[in-house]
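**Q** quick one, structure for this:
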Amino acid sequence: MKFGPAAPDACEGGILAHAVYLPDGRIRKGTRLDSADIARLTAAGIGTITVARLEPGDLDEDSAADRLATALVPSGLRMSSAATGRVNIYAVGRGLVRFDRERLKQLNRVDEGITLACVQHNQLVEDGDMIATLKIIPYSLPESVIEAAISKAGGRPVFSFHPLHARPFALIQTRVEGMKPALLTATEKVTKQRLDQLGCALVDSRIVAHDSAGIAAAIGESRRLGAEAILICGASAISDRRDVVPMAVQAAGGMVDRLGLPADPGNLLMMARLDEMPVIGMPGCARSPRLNGFDWVLQLVLAGIDIDDDEIADMSIGGLLMEIASRPLPRKMVERRQPGNIAIGGILLAAGSSRRMGEVNKLLIEIDGEPLVRRAALAMLAGGIRDLVVVTGHQHEDVVAALAGLDVTFAHNADFAAGQAGSVAVGVTALPEAVSGALIALADMPFIAADLVAGMIRDHGGLGDHETRISFPVHEGRRGNPVLWGRGFFAALARLSGDMGGRQILKENPAAVNSISWHDDSIHRDIDTADDLARAGPGAAG
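**A** Residues are numbered from 1 along each chain as shown. As a prediction, the model looks like this:
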């Protein structure tokens, strides 16, 4: 390429190196000059301009950038069209960007006119984020230089993009005497927040004693409930392979691969596996939402990266996270941490025949002066449910009368004797379009409190994909009621029949479950028989 000053009449076809301001307007730098441009320059009395003129074998900046990008950028990513010698590369989906440090360095050493810059190695990016930019500095480069750069890079991409693949997780926490329950609750909340940001569901959350047998049993139960990765947060940090948590993994049939991480905070992390399922012993710092080594490991697991000794050793570069927040969460993900404003409707199932109670309709039995069905409706309304639909069936008029004065809508299931599923379908169909989810409750569970309902709405609303999630309360490892269904399941719920409720839908969507820990057994206590009523206490009246 020739570059330098020249008279305008000798520059047709050349590239203007510096902008020229004329009485009738500007000619921009980078303009390939044509006869009209030359005429304007001559008419304005411009005697000299600076131009770049390509020689045989040269590629203009955009052609050079396009050719390099085609050779060096992985397929499946989005690239901008070359302009001013620049091609920007964007992520398609959420994932990790990784690069071969040595080959990337060698590429940038071929010629000062070629630059390729990437984000940090193992940077987590969101869909649409720029992850690399290729820039040709001069207006052209010899084609031989471009081919040399491609050859130096080995003729293949110098970086890679690894999409994150969501999977259902379980959280097992251990406790010791004197441990505050609030710490366990806060840990679950932070863990769910992390997983939600990565598109993953917490399908099981349980608290067990800090002993290997209890943890091993919990691992087996979590797998049964559909977990495909297990997180274990011990009451005490893991300090040796013979410690409680590693021994529990081995007792469950697993293998500990690594104890210790060159990242701080996050040193005391355990990597293990049960068959091919990852098991991560969480460091104590993972109880905090601040970035730590656990975040890095979690992202690698979801990206399908083999976490071998080299990978772990590589974390030492930038691993002092208390001082240098290397590879932070993308801004879009941080912004989603706060729960959104969502409208949750409610369905109260009050259609059953109450056969096990004999001649009495259990829903009309009073506890502390309120019929069971009214207690359930009041808890839902006080907890923040809007658009509460009460599905009636057996003794329809009496149930309606028991709810007199409450802001509810009634939907009658004429075929109530066929089973609960039909009542669910009737209730879902009666919900307004505006709701994004529905809390489905049983009218014979009088101990469900408003704070549980409010907590479930709040927790479910904090999920970035709440319309395709199913939230359950859990106490001592057992799921209970009510259940909060995202709108994405309404069509399937409306097709239910028989007496299975939503169990089949749940079975088909285990990764959609969002586990919410609850502090008492109210989520398991219903009134079916006279004995149940007697256990309800002195306020119960048949």
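
**Q** just list the residues touching Ile344, thanks.
**A** Gly384, Ile385, Arg386, Val435, Ser436, Gly437, Ala438, Leu439, Ile457, His460, Gly461, Leu484 (Cβ atoms under 8 Å, 6 or more residues apart in numbering). Bear in mind the C-beta positions are built from the backbone N, C-alpha and C, glycine included.

**Q** so which of those residues is the closest to Met255?
**A** For the contacts of Ile344, the closest approach to Met255 (Cβ to Cβ) belongs to His460, at 35.9 Å.

**Q** what about that closest one, which helix or strand?
**A** Counting by DSSP states H and E, the secondary-structure element that holds His460 is helix 450-461.

**Q** what's downstream of that helix, the next helix or strand?
**A** Scanning forward in sequence from helix 450-461, with DSSP H and E defining helices and strands, the next element found is strand 470-475.

**Q** which other helices and strands contact that next one?
**A** Strand 470-475 sits against strand 202-209, helix 450-461, strand 483-486, strand 513-517, with contacts defined as 3 or more Cβ pairs under 8 Å, 6 or more residues apart in numbering; DSSP states H and E.

**Q** hmm, who's touching the helix or strand following it?
**A** On the C-terminal side of strand 470-475, the nearest following helix or strand under DSSP H and E is strand 478-479. Here strand 478-479 makes contact (Cβ under 8 Å, 6+ apart) with Phe472, Pro473, Ser515, His524.

**Q** got a markdown table for those residues, with pLDDT, distance to Leu274 and neighbour count too?
**A** Converted to a markdown table, these look like this (pLDDT from 0 to 100; distance: Cβ to Cβ, whole Å; neighbours: other Cβ atoms under 10 Å):
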| residue | pLDDT | distance to Leu274 | neighbour count |
| --- | --- | --- | --- |
| Phe472 | 92 | 24 | 22 |
| Pro473 | 94 | 27 | 25 |
| Ser515 | 91 | 19 | 26 |
| His524 | 95 | 29 | 16 |
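
**Q** need the max-distance pair from the residues you listed.
**A** Using Cβ to Cβ, the pair of the contacts of strand 478-479 lying farthest apart is Ser515 and His524, separated by 14.9 Å.

**Q** ok so, going back, from the contacts of strand 478-479, which is closest to Leu321?
**A** Ser515 (28.2 Å).

**Q** rewinding a little: buried subset of the contacts of Ile344?
**A** Buried members of those, counted by 16 or more other Cβ atoms under 10 Å: Gly384, Ile385, Val435, Ser436, Gly437, Ala438, Leu439, Ile457, His460, Gly461, Leu484.

**Q** got the contact list for the residue nearest to Arg86 when sequence neighbours are not counted?
**A** Computed as Cβ to Cβ, 6 or more residues apart in numbering, the closest residue to Arg86 that is not its neighbour in sequence is Lys135, at 4.8 Å. Neighbour list for Lys135: Ala65, Gly85, Arg86, Thr115, Leu116, Ala117 [criterion: Cβ under 8 Å, 6+ apart].

**Q** wait, is the last one part of a helix?
**A** No. The assignment for Ala117 by DSSP: H, G, I helix; E, B strand; the rest coil gives strand, which leaves it out of any helix.

**Q** quick check: closest non-adjacent residue to it.
**A** When the adjacent residues along the chain are set aside, Ala117 lies closest to Thr133, with 5.4 Å between them (Cβ to Cβ, 6+ apart).

**Q** pull the contacting residues for Val145.
**A** Applying Cβ under 8 Å, 6+ apart as the definition, the contact partners of Val145 turn out to be Val110, Asp111, Gly113, Ile114.

**Q** my guess is the third one contacts Leu141, does it?
**A** Yes. Distance between Gly113 and Leu141: 5.1 Å, which falls inside the contact criterion (Cβ atoms under 8 Å).

**Q** between the two, point out the one with more neighbours.
**A** Neighbour count, other Cβ atoms under 10 Å: between Gly113 and Leu141, Leu141 has more, with 26 against 20.

**Q** which intervals of the stretch 401-542 of the chain have sub-threshold pLDDT?
**A** In the predicted model, the stretch 401-542 of the chain carries pLDDT under 70 at residues 499-501, 537-542.
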